[in-house]
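Peer 1: Sequence first, predicted coordinates after that:
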Amino acid sequence: AQTVTQSQPEMSVQEAETVTLSCTYDTSESDYYLFWYKQPPSRQMILVIRQEAYKQQNATENRFSVNFQKAAKSFSLKISDSQLGDAAMYFCAYTSGQGAQKLVFGQGTRLTINP
Amino acid sequence: GAVVSQHPSRVICKSGTSVKIECRSLDFQATTMFWYRQFPKQSLMLMATSNEGSKATYEQGVEKDKFLINHASLTLSTLTVTSAHPEDSSFYICSATLHRVGNIQYFGAGTRLSVL
């Protein structure tokens, strides 16, 4: 079974600084997708970024980028120029590339932005 | 696009009553919807996978007679918590997937259920 591990329960960063959230996963599949979702205090889950396993290039979305190391099964999220609105729980997630498969979530990392 | 609406956002009920939660994909047809439960300060726990026109697939340990799921159309799935008890109090979240954009799941805003 696939597993996703986030080893940092909490992280904090100064506003405008850069922070990296860690995620590792375990799978025997070759076709899969990885995601970072954000859950602010409203508890609405928001997609931050997505990475296809077959793509070597790291995904980027404005201030958010990932470091996808397929061999190491590592998928970290870098947030640049942190803003107060980035404060949230961040969940790393995995899903198989075959059909509408379920998401496997990590435990989450609570990110605090210090003004 | 890809908006998922979940209703109600908050419900308080008496022990023994049943509660229905609706999940709608507003601007796309979702062949598959998912239901999650989230305890305070914890991650999302998948309860069941709901496919249009067929029976839901429940995760191990989830009581299918307690949590009834119906996926009657490509845009609507419902979760009914039957004979609710205080231990069923939780945050329930639905999501829907749009295959064409690489297995992305779009989430509803969640329902906070409080059983007195």
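Peer 2: Here it is on my side, so go on.
Peer 1: Any stretches of the chain with poor pLDDT?
Peer 2: Here I'm looking at chain A. Within chain A, the ranges that satisfy pLDDT under 70 run A:99-100.
Peer 1: To clarify, I was referring to chain B.
Peer 2: Scanning chain B for pLDDT under 70 picks out B:1, B:99-102.
Peer 1: Alongside chain A, which residues does it contribute?
Peer 2: Residues of chain B lying close to chain A by C-beta under 8 Å from any C-beta of the partner chain are B:31-32, B:34, B:38, B:42-44, B:46, B:49, B:51, B:91, B:93, B:95, B:97, B:99, B:102-107, B:109-110. In short, each C-beta sits where N, CA and C put it, glycine included.
Peer 1: Show me which of the residues you listed are buried.
Peer 2: Among the residues of chain B next to chain A, those buried by neighbour count (16 or more other C-beta atoms under 10 Å in any protein chain shown) are B:31-32, B:34, B:38, B:43-44, B:46, B:49, B:51, B:91, B:93, B:95, B:97, B:103-107, B:110.
Peer 1: Now do the residue most central in space within chain A against chain B, distance only.
Peer 2: Central residue of chain A (C-alpha atoms, centre = their mean): A:W36, 3.1 Å from the mean position. According to C-beta to the nearest C-beta, to the nearest Å, A:W36 and chain B sit 12 Å apart.
Peer 1: list the buried ones in the host helix or strand of that residue?
Peer 2: Using DSSP states H and E, A:W36 maps to strand A:32-39. By neighbour count on 16+ other C-beta under 10 Å, the buried set for strand A:32-39 is A:Y32, A:Y33, A:L34, A:F35, A:W36, A:Y37, A:K38, A:Q39.
Peer 1: Next, the buried residues of the next helix or strand after that strand.
Peer 2: Using DSSP H and E, the helix or strand that follows strand A:32-39 in sequence is strand A:46-52. By neighbour count with 16+ other C-beta under 10 Å, strand A:46-52 contains the buried residues A:L47, A:V48, A:I49, A:R50, A:Q51, A:E52.
Peer 1: ok, now how distant is the third one from A:A87?
Peer 2: It stands for A:I49. To A:A87, A:I49 is 17 Å away according to C-beta to C-beta, to the nearest Å.
Peer 1: Ok, the last one next?
Peer 2: Between A:E52 and A:A87 the distance is 28 Å, computed by C-beta to C-beta.
Peer 1: Identify the residue spatially nearest to the residue nearest in space to the middle of chain B, adjacent ones excluded.
Peer 2: Geometric centre of chain B, nearest residue: B:W35, 3.5 Å, by C-alpha atoms, centre = their mean. Using C-beta to C-beta, 6 or more residues apart in numbering or on different chains and skipping residues adjacent in sequence, the residue nearest B:W35 is B:M47, 4.6 Å away.
Peer 1: about what we covered before: so how far is the strand holding A:W36 from its chain's centroid?
Peer 2: Mean-position distance between strand A:32-39 and its chain equals 5 Å (C-alpha atoms, centre = their mean, to the nearest Å).
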